[in-house]
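1. Kindly generate the corresponding structure for this input.
(one chain, ligands or ions: 2)
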Amino acid sequence: MTYVICEPCIDLKDNACIDVCPVDCIQPNPVDNPDEYQSVNQLYIDPHECIDCGVCEPECPVEAIFMEEDVPDEWEHYTQINANFFRFD
Ligand code: SF4
Ligand code: SF4
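-> Ligands and ions are numbered 1, 2, ... in the order given. From the prediction side, this is the model:
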């Protein structure tokens, strides 16, 4: 199980979720990877590192973050999109 970042994050990327994640699994981090951060239009959650704590979900101002099993049907492909960023297939 993991949490997933979906379409509403695109082009917003306000980093509210990054600030609260206890395991630093939301990437790319603009401080650690500024070039990579500039090259993407949304942030992603590493499914192998996420501990399902859920603290990021209420922080998102546009409700882009969902538990994997609660991702809306129209955004189901974002589960794979998040995983692909970390090259896990
Ligand atoms: S659920 Fe917890 S561990 Fe997973 S991305 Fe959100 S804050 Fe990080
Ligand atoms: S809080 Fe929401 S909009 Fe902001 S970076 Fe995280 S997922 Fe994207």
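2. Asp32: how many residues sit nearby?
-> A count of nearby residues for Asp32, using other CB atoms under 10 Å, gives 10. Every C-beta, even on glycine, is put in place using the N, C-alpha and C of the backbone.
3. name the helices or strands packed onto the longest helix along the chain?
-> Counting residues, the longest helix found in the chain (DSSP state H) is helix 78-85. Packing partners of helix 78-85 (3 or more CB pairs under 8 Å, 6 or more residues apart in numbering; DSSP states H and E): strand 3-5, strand 44-45.
4. Which one, of those strands, ends up nearest to Val71?
-> For Val71, the closest of those is strand 3-5, at 5.3 Å, according to CB to CB.
5. picking up where we left off before, give me the contact list for the longest helix of the chain.
-> 2, 4-7, 27, 40, 44-47, 68, 71, 89 (CB atoms under 8 Å, 6 or more residues apart in numbering).
6. same thing but at 10 Å, please
-> Residues from elsewhere that reach helix 78-85 (CB atoms under 10 Å, 6 or more residues apart in numbering): 2-7, 9, 26-28, 36, 40, 42-48, 50, 64, 66, 68-69, 71-72, 75, 88-89.
7. ranges for the strands of the chain?
-> 3-5, 26-27, 44-45, 65-67 (DSSP state E).
8. Skipping its backbone neighbours, what lies nearest Glu36 in space?
-> Pro28 (4.0 Å; CB to CB, 6 or more residues apart in numbering).
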